[in-house]
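Asker: The sequence and its predicted three-dimensional model are supplied below.
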Amino acid sequence: MADYAIEMLNITKRFPGIIANDNITLQLKKGEIHALLGENGAGKSTLMSVLFGLYQPEEGEIHKDGRKVEINNPNDADALGIGMVHQHFKLVECFSVLDNIILGVETTKGGILQKDEARKKVLALSEKYGFQVDPNALIEDITVGMQQRTEILKMLYRDNEILIFDEPTAVLTPQEIQELMTIMKNLAAEGKSILFITHKLAEIMQVADRCSVLRKGKYIGTVDIKDTTPEKLSAMMVGRDVNFVVEKKPVKPGKVILDVQNMTVASKRHKNNAVNGVSLNVREGEIVCIAGIDGNGQTEFVYGLTGLEPLKEGKITLHGEDFTQMPIRKRSIKGMSHIPEDRHKHGLVLDYSLENNIVLQRYFEPQFTNKFGFLKKKEIRDYANRLIEQYDVRSGQGPITKARSMSGGNQQKAIIAREIDKNPELLVAVQPTRGLDVGAIEYIHKQLVAQRDAGKGVLLVSLELDEVMNVSDRILVMYEGEIVGEFDPKEVTVEELGLYMAGSKRKGA
Amino acid sequence: MNKKNNTRDSILRNDGFQTIIASLLCILLGLLVGYIVLLIINPSGAAGAISSILKNFLYYPSAAAATKYLGTTLVKASALLMCSLSVLFAYKVGLFNIGAAGQYVVGAGACLYCAIALHLPWIVCLLAAVLASAIVGGISGALKAYFNVNEVISCIMLNWIGLYAVNMLLTTVKEETTPYTKPLSSANSSAILPTLGLDKLFSNNKFVGLGLIISIVMAVLVWIILEKTKFGFELKATGMNKLAAKYCGMREKTNIILTMMISGALAGLGAACFYLTGVEQWMVQQTSVPSMGFNGIASAFLGGLNPIGAIFSSYFIQHITSGGSYVDKTMYCAQISDLISAFIIYLCGFVLFFKLWLNRYLDKREEKQGMKAQKGGEA
Ligand SMILES: Nc1ncnc2c1ncn2[C@@H]1O[C@H](COP(=O)(O)OP(=O)(O)OP(=O)(O)O)[C@@H](O)[C@H]1O
Ligand SMILES: [Mg+2]
């Protein structure tokens, strides 16, 4: 009994219209890495927020080291040694790394901040775990990976011994993921207990000791990792077998849809160009994938392509029409859809309802707005309901749910539904399956393939090599703002791609 | 029985209902604090003072006089309502238009100048006010959209620029012996807004008229635009997430400028509806921005940021502001009425806080009931 660090017993948490956690029991052993698996909206984040004191459960109790405890707010959680890295980070953008770490536990002398000691401790911790973060850097200037390390340091700085990671790997590059896995193993070896949420089964197989599965708010079971397989886990989670291999017919590319010539986009971070003379095309009926390590100009390329950033040079044509200077709205009407990289930044108006977000790209069309400029609320509701059903977007109150209150994966599904249902000529999809469960990924991949089979073009930007290899018909590798190689997925290995992505090899362009 | 409970709870949970309750609570609290302050200053007159603030025009014993002054309060309230709509409209689009006060001043300047100096008819004066104020609002909007200058800062500066510019402009049309602009009735009676017979309803209070109707129509119009139209949909989206608005092809910069222009136009229209009745003349030596625009902020919040709610909150705030002038000046200094109404007005800002508190309370109670129900079930 006493070897449980944390026990959450019969936890029930309701939200308007939904039971997010229905009588869930979760037991975390000391020094173990315990994975939490479940579909989008299964209630994982909610359960962890209960443990961290952000939500009060209606029923159930929490025990720490066998004693019942009350966790009414994150301060209580902190006092009990519980720390959390949230799915969407909670850092103050214009503060330095150090300031973010000590926020809330500052040491003061006579009301004056004493940062030297804190800096020493942070540096020592960062050294110990090989974090390589600069305590003086501003959050807004560092990469997502570094921001996450800041969040982890925040927990370590507070000497937390129970660490909650809510989808930490969704935003990381494969390299960073491996580093994080090592860090987590080291922490567990030191006796810290870790709760780890992820949708990637390989990661669970790699680091976790045990895994608990939730489905639609209910507890399904807990298994030992050494006795299970990814297939078993996914069946447990979705309630059916999931097909990991994307089935597609051989590619039959037609006319060129998108043609990009010599695109150059200035960088916001450094003096050089983020995108440097990129030329590529996408043809009818093919999925072209831009692979690469995060930060090699993919983001800026997409911004340039979709009109979010101006081009310094270059020309974009879609179906022979010049898109280079075209306003965003017009690009959208002429058949360019864009699933953005950052769903909270660009993809959603979080304080709008789900239905409003679903029509965000088409509310002005005659089917949703009459000729006097009034919105047709009923048509919008019907349309939203159809997409919600079709794409299985789960939420508490259906179309009127505030986007902010939806689970991360379901927010993503709403965006995807909106962009694909526009039936675009060219779909630009940046990390479309980020944060989705395996069942949803399978569905989205099918949709991408369906678009392609219907003779449309798909430009996929992905950091995930599995996805790149599985879905695409043609792979372009981007390194330091340039395309350094073009491959057929059937003729290239992951290792080979890796070399190009790391810049140690390149083809004469 | 349970069902009854449920319907009651769902009423309590209703957002509109909560706003009304919260607003009423704020009003009560404001009156209480005001009363306490009066007690501290001079205990013997406190009750009398607070009741004259609340009574306002009812201070007059004759019904005819009371309705007449009700009319005057309504004229002022309609100007306040327009300012409140101005603040509210911008706020829904994520902008804090603290410049409603200055836009109101510019509107006043424009319509009075057109009326007295240029002898133009009321409709032109009205449009001039709307246009001038829209431009002033638009300046703040453009600064925000293109140079990311915080609208609060630019608005505050424009408030002062507006005030002194208008003072200078209207000095050219002031009476020779006083610091006031020439009365419209003698200078240009064609600039006075038509009364549409409404004056008859208020014991021949000739100031009551078109302005009243315009302000109510505007409140409904603002509500329709924000809630029902494509245009409102876009503006709100821009206010909530500028980047998402850009991403889905809304012209977010234009929207920001447009919002501030409309917001300014509303304040200017308010000024026109007020000054073109002739109820007051402009004092060209004013050294402070008239409080109308600032009270608009309080009234927008007291009305729960709802245009229809603003109709009632504007009337209330104007009611106590006007009521303040009936406080016995022998017991309290002249500024006391402003002080008390200020207390009430500023406590009105707590509406949102009260709503939060009410929801917490409901959550707690539900939790308890849930526990009870469960225990009952187990037994
Ligand atoms: N603050 C909230 N208000 C209302 N409903 C909420 C709130 N937070 C979560 N929910 C609902 O509770 C359910 C569970 O959400 P939760 O975020 O826990 O899912 P999750 O398992 O973390 O999913 P994902 O993998 O997509 O992140 C969802 O249907 C969501 O809509
Ligand atoms: Mg989650």
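Answerer: Ah, there it is. Ligands and ions are numbered 1, 2, ... in the order given.
Asker: So is whatever helix or strand A:M48 lives in next to chain B?
Answerer: Secondary-structure assignment from DSSP states H and E places A:M48 in helix A:44-51. No - using Cβ under 8 Å from any Cβ of the partner chain, helix A:44-51 stays clear of chain B, coming no nearer than 13.8 Å. Quick note: C-beta positions are derived from backbone N, CA and C, even for glycine.
Asker: residues making contact with that helix?
Answerer: Residues outside helix A:44-51 that contact it (Cβ atoms under 8 Å, 6 or more residues apart in numbering or on different chains): A:6, A:8, A:11, A:13, A:15, A:20-21, A:24, A:26, A:36-38, A:55-57, A:62, A:71, A:77, A:82, A:84, A:87, A:164, A:166, A:195, A:197, A:214, A:407-408.
Asker: I'd like to know how many residues surround the closest residue to ligand 2 within the stretch 51-200 of chain B.
Answerer: Distance from ligand 2 to each residue of the stretch 51-200 of chain B (Cβ to the ion) is smallest for B:G94, at 27.2 Å. Per other Cβ atoms under 10 Å in any protein chain shown, the neighbour tally for B:G94 reads 18.
Asker: State whether it is indeed within a helix.
Answerer: No - under DSSP: H, G, I helix; E, B strand; the rest coil, B:G94 falls outside any helix and is assigned coil.
Asker: so it touches B:L235, yeah?
Answerer: No - with contact defined as Cβ atoms under 8 Å, B:G94 does not count as touching B:L235 (9.1 Å).
Asker: So what touches stretch B:135-145?
Answerer: Under Cβ under 8 Å, 6+ apart, the answer for stretch B:135-145 is B:95, B:97, B:99, B:102-103, B:106, B:149-151, B:154-155, B:158, B:162, B:252-254, B:256-265, B:267.
Asker: Which of the residues you listed are buried, as a PyMOL select command?
Answerer: The following PyMOL line selects those of those that are buried, judged by 16 or more other Cβ atoms under 10 Å in any protein chain shown:
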select buried, chain B and resi 95+97+99+102+103+106+151+154+155+158+162+252+253+256+257+258+259+260+261+262+263+264+265+267
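Asker: residues contacting the nearest residue to B:K236 once chain neighbours are set aside?
Answerer: Excluding the flanking residues, the one nearest B:K236 by Cβ to Cβ, 6 or more residues apart in numbering or on different chains is B:K92, at 5.8 Å. Counting by Cβ under 8 Å, 6+ apart, B:K92 touches B:L226, B:L235, B:K236, B:G239, B:L305.
Asker: Let's see if you can find the most crowded of the residues you listed.
Answerer: Ranking the contacts of B:K92 using other Cβ under 10 Å puts B:L235 first, with 27 neighbours.
Asker: does that residue really touch B:N255, like I thought?
Answerer: Yes - the criterion here is Cβ under 8 Å, and B:L235 meets it with B:N255 at 5.7 Å.
Asker: Can you pull the residues that touch both of the two?
Answerer: B:V93.
Asker: Against which helices or strands is whichever helix or strand A:S279 is part of packed?
Answerer: Assessed by DSSP H and E, A:S279 sits inside strand A:273-283. Using 3 or more Cβ pairs under 8 Å, 6 or more residues apart in numbering or on different chains; DSSP states H and E, the elements in contact with strand A:273-283 are strand A:256-266, helix A:298-306, strand A:313-318, strand A:457-462, strand A:482-487.
Asker: any chance of the contacts of B:K92 in CSV, with pLDDT, secondary structure and distance to ligand 2 too?
Answerer: Below are the contacts of B:K92 laid out as CSV (pLDDT from 0 to 100; DSSP: H, G, I helix; E, B strand; the rest coil; distance: Cβ to the ion, whole Å):
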residue, pLDDT, secondary structure, distance to ligand 2
B:L226, 94, helix, 32
B:L235, 94, helix, 31
B:K236, 94, helix, 27
B:G239, 89, helix, 27
B:L305, 87, coil, 31
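Asker: quick one on the thing from earlier: could you tell me the per-residue confidence at the residue nearest to B:K236?
Answerer: Listed pLDDT for B:K92 reads 90.
Asker: Over to A:P135?
Answerer: 88.
Asker: what about the residue nearest to it when sequence neighbours are not counted, distance to A:A118?
Answerer: Distances taken as Cβ to Cβ, 6+ apart place A:L98 nearest to A:P135, at 3.9 Å, with adjacent residues excluded. For A:L98, the distance to A:A118 (Cβ to Cβ, to the nearest Å) stands at 7 Å.
Asker: out of these two, which sits in the more crowded spot?
Answerer: A:L98 (22 against 19).
Asker: what's around the residue in the stretch 151-300 of chain A that chain B sits nearest to, how many residues?
Answerer: Relative to chain B, the nearest point of the stretch 151-300 of chain A is A:T299 (13.2 Å; Cβ to the nearest Cβ). Neighbour count for A:T299, taken as other Cβ under 10 Å: 20.
Asker: B:Q285 now?
Answerer: B:Q285 has 10 nearby residues by other Cβ under 10 Å.
Asker: Contact partners for A:H34?
Answerer: A:H34 neighbours (Cβ under 8 Å, 6+ apart): A:L26, A:L28, A:S193, A:I194, A:L195, A:F196, A:A208, A:D209, A:R210, A:C211, A:S212.
Asker: For the host helix or strand of the fourth one, which strands pair with it and how are they oriented?
Answerer: Okay, so that is A:I194. Following DSSP H and E, one finds A:I194 within strand A:193-197. Using DSSP bridges, the strands paired with strand A:193-197 are strand A:33-38 (parallel), strand A:162-166 (parallel).
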